[in-house]
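**Q** Kindly return the folded structure for what I paste below:
(one chain, ligands or ions: 1)
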Amino acid sequence: MQMSSLTLLVCSAVLGFLLLYSILVRRRPEKLPPGPRPWPIVGNLPQLGPKPHQSMAALAQVYGPLMHLKMGFVHVVVAASAAVAQQFLKAHDANFSSRPPNAGAKYVAYNYQDLVFAPYGPRWRLLRKICALHLFSAKALDDFRHVRQEEAGILCGALASAGQMPVRLGQMLNVCATNAISRVMLGRRVVGHGGGGGDEKAEEFKAMVVELMVLAGVFNIGDFIPALEGFDLQGVVAKMKKLHKRFDDFLTAIVDEHKIDGPSRGHVDLLSTLISLKEGDDTQGGKLTDTEIKALLLNLFAAGTDTTSSTVEWVIAELIRHPEILRRAQQELDSVVGRDRFVTESDLPELVYLQAVIKENFRLHPSTPLSLPRIAEESCEINGYHIPKGSTLLVNVWAISRDPEQWTQPLEFRPDRFLAAGEKPNVDVRGNDFQLIPFGAGRRICAGMSLGIRMVQLLTATLVHAFNFDLANGLSPQNLNMDEAYGLTLQRAQPLIVHPNPRLAPHVYHA
Ligand code: HEM
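**A** Below is the predicted model of the structure:
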């Protein structure tokens, strides 16, 4: 009897200890990365302001390069140094290879049936494979280089005939990038050039792309506070649904048209190729549904036009502000290309200084400053901190490429740093050097990176070679406003308005 009371006592003590231990252990909060204290319900949203990449960079100065924020009810972790970005996008990349749910993916991008928002898995892999094979392989890019060169030539013709009229360079570059992509994908141009000449359908298409970028840049409260999702307080979802309908009508008509006359044209564009893919044909990628085809086309227009045109607009603005760098780039172009023809894509590998100029521009003006968000599939630990399952990951590529620990005089435009004798001779933008990742990195790195780099290089080289630019209204280069406006892509707060002055033989512009 005595023994069994003792046993009971010991057992109760052990159980009591285990219970207390488990309560204490469970109650101890896991250590989240440091960050500013969130407000009730809205969390840190009010602290982000109109330019979240800049506010987050300032917060990282206080809380460090791995920071935790609360946006509504969503945990958000922000990476603001090369080392932290490498942890997420290399060491833990598989865990961060899907994107968080959002209204744009649901209501515009065909309910996640596109490539940009497809959950990481077999369908995403199929879409990437098809793009890699048919659109972005070296062969596919070479097959369509004449299209990009022709469109660059058309842009130069339009600029040369502007006469005394000032031109909005970004807008004209956007028309050029859109047509270069649409000719490859659909076999025809879809937008007219600026001040007129475009048909009704073309103008309609341009208005839709502009609205898409505006809506994609709007912060939608319902994405972060699920209880408010149904209320659509900002009216964003209603606008998305309307826009989706317009895009869908446009794309459905094009797909139907291609189905009827595509075979007779012998697959001269990507859409005809996509339509002709067969079930189970692994060498070609595999079959896509009509919805997947339309969602992919939508992605390529949205992801490939504004990014390219705004990047080139920033480079030209930087070169106008740095005439000595512009002169050096023009000297290189004159010696490689001469003054009797436009630049071609085969000239690009020889333009070493121009490539350094473009890298320096990607460093200071990355076109998606917070990249595209990722989501933590499972909880994990990074640098000793707990990252909860379902957290949104934002990589502040803008802050990383201005980090004074990595870059000397980080706010100066100094292409020389990328030359053989410079401090970063081997650093590239293709996702291997985490200090400079304008295209992201890891599995979900930009699918169109090779095309993006080619287009930015060709358009910049062509403009720098073919024109000198004066600022409109006699503005001096020192007074050019270089402020940023935040949207989905990093736009200039004030568009670049210039007078282009041709510098090549006159016949070149009217070939
Ligand atoms: C200056 C040019 C461009 C820049 C700076 C850029 C940047 C980016 C970035 C930062 C991402 C997110 C990567 C990540 O999550 O790590 C991305 C994704 C993507 N980009 Fe680009 N991009 C450019 C041009 C293009 C072009 C020309 C196309 C196609 C026509 C394109 C198609 C895509 C697609 C489809 C994705 C989603 C990939 C996926 O989720 O698997 N981009 N881009």
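
**Q** any low-confidence regions in the stretch 51-200 of the chain?
**A** Low-confidence segments of the stretch 51-200 of the chain, defined by pLDDT under 70, are located at 193-200.

**Q** burial measure for the closest residue to the ligand within the stretch 51-200 of the chain, as a count.
**A** At 4.2 Å from the ligand, V116 is the closest residue in the stretch 51-200 of the chain, using Cβ to the nearest ligand atom. All C-beta spots, glycine's among them, are computed from the backbone N, C-alpha and C. By the other Cβ atoms under 10 Å criterion, the neighbourhood of V116 contains 22 residues.

**Q** how about the residues of the chain near the ligand?
**A** For the chain, the residues in contact with the ligand (Cβ under 6 Å from any ligand atom) are 115-116, 128, 181, 299-300, 303-304, 307-308, 311, 367-368, 371-372, 438-441, 444-448, 451-452, 456.

**Q** same thing but at 5 Å, please
**A** With the criterion set to Cβ under 5 Å from any ligand atom, the chain comes near the ligand through 115-116, 299-300, 303-304, 307-308, 311, 367-368, 371-372, 438-440, 444, 446-448, 451-452.

**Q** Could you identify the helix or strand that succeeds the helix or strand encompassing Q355?
**A** Using DSSP states H and E, the element containing Q355 is helix 352-364. Reading on from helix 352-364 to the C-terminus, the next helix or strand found by DSSP H and E is strand 374-375.

**Q** what lines up beside the very next helix or strand once past that following strand in the sheet?
**A** Tracing the chain past strand 374-375, the next element assigned as helix or strand by DSSP H and E is strand 380-382. In its sheet, strand 380-382 lies beside strand 385-387 (antiparallel), with partners assigned from DSSP bridges.

**Q** Other residues contacting the strand it pairs with?
**A** Outside strand 385-387, the residues within contact range by Cβ atoms under 8 Å, 6 or more residues apart in numbering are E30, K31, L32, P33, L66, H68, H75, V77, A376, S379, C380, E381.

**Q** of those residues, buried ones?
**A** The neighbour-count test (16 or more other Cβ atoms under 10 Å) marks L32, P33, L66, H68, H75, V77, A376, C380 as buried among those.

**Q** Output these in CSV; the columns should cover distance to A105 and secondary structure.
**A** Rendered in CSV, the data for the buried ones among the contacts of strand 385-387 read as follows (distance: Cβ to Cβ, whole Å; DSSP: H, G, I helix; E, B strand; the rest coil):
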residue, distance to A105, secondary structure
L32, 26, coil
P33, 26, coil
L66, 26, strand
H68, 24, strand
H75, 19, strand
V77, 20, strand
A376, 17, coil
C380, 24, strand
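
**Q** hmm, back to that, centre of the chain to the helix holding Q355, how far?
**A** Distance, stretch centre to chain centre, for helix 352-364: 17 Å (Cα atoms, centre = their mean, to the nearest Å).

**Q** same deal with stretch 504-511?
**A** In terms of Cα atoms, centre = their mean, the centre of stretch 504-511 is found 34 Å from the chain centre.

**Q** Check the separation of the first and last residues in that stretch.
**A** Distance between the boundary residues of stretch 504-511 (Cα to Cα, to the nearest Å) amounts to 12 Å.

**Q** Stretch 436-445 now?
**A** Here stretch 436-445 reaches across 13 Å from its first residue to its last, counting by Cα to Cα.

**Q** So for it, what gets flagged as buried?
**A** If you call a residue buried by 16+ other Cβ under 10 Å, then stretch 436-445 has these buried ones: L436, I437, P438, F439, G440, A441, G442, R443, R444.

**Q** Check stretch 207-221 too.
**A** Taking 16+ other Cβ under 10 Å as the basis for neighbour counts, the residues of stretch 207-221 that come out buried are M208, V209, E211, L212, M213, L215, A216, V218, N220, I221.

**Q** contacts for that stretch?
**A** Everything outside stretch 207-221 that qualifies as a contact, by Cβ under 8 Å, 6+ apart, is 45, 48, 72, 102-104, 108, 178, 228, 233-234, 236-237, 239-240, 243, 246-247, 250, 301-302, 305-306, 486-489.

**Q** Only the buried subset of those residues, as a PyMOL command please.
**A** Below is the selection syntax for PyMOL that covers the buried ones among the contacts of stretch 207-221, with 16+ other Cβ under 10 Å defining burial:
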select buried, resi 45+48+72+102+103+104+108+178+228+236+237+239+240+243+247+250+301+302+305+306+486+488+489
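
**Q** For the stretch 1-150 of the chain, which segments count as strands?
**A** Ranges of strands within the stretch 1-150 of the chain are 66-71, 74-79, based on DSSP state E, counting those that start in this stretch.

**Q** Reformat those as a markdown table; add distance to I260.
**A** A markdown table is the format used below for the strands of the stretch 1-150 of the chain (distance: least, Cβ to Cβ, whole Å):
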| stretch | distance to I260 |
| --- | --- |
| strand 66-71 | 47 |
| strand 74-79 | 46 |
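
**Q** Can you check which of those strands gets nearest to T344?
**A** Distances from T344 to each of the strands of the stretch 1-150 of the chain were compared by Cβ to Cβ, and the smallest falls on strand 74-79, at 38.8 Å.

**Q** name the helices or strands packed onto that closest one?
**A** Contacts defined by 3 or more Cβ pairs under 8 Å, 6 or more residues apart in numbering; DSSP states H and E place strand 74-79 against helix 52-63, strand 66-71, strand 392-395.

**Q** returning to what we had before: only alpha carbons, please: show the helix holding Q355 as PDB.
**A** Provided in PDB are the C-alpha atoms of helix 352-364 (Å, rounded to 0.1, in the frame of the first residue of the first chain):
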ATOM      1  CA  VAL A 352      31.400  46.200 -73.300                       C
ATOM      2  CA  TYR A 353      31.000  49.700 -71.900                       C
ATOM      3  CA  LEU A 354      27.300  49.900 -72.900                       C
ATOM      4  CA  GLN A 355      26.700  46.600 -71.000                       C
ATOM      5  CA  ALA A 356      28.400  48.200 -67.900                       C
ATOM      6  CA  VAL A 357      26.100  51.200 -68.300                       C
ATOM      7  CA  ILE A 358      23.000  48.900 -68.400                       C
ATOM      8  CA  LYS A 359      24.200  46.900 -65.300                       C
ATOM      9  CA  GLU A 360      24.700  50.100 -63.400                       C
ATOM     10  CA  ASN A 361      21.100  51.200 -64.400                       C
ATOM     11  CA  PHE A 362      19.700  47.800 -63.200                       C
ATOM     12  CA  ARG A 363      21.500  48.400 -59.900                       C
ATOM     13  CA  LEU A 364      20.000  51.800 -59.300                       C
END
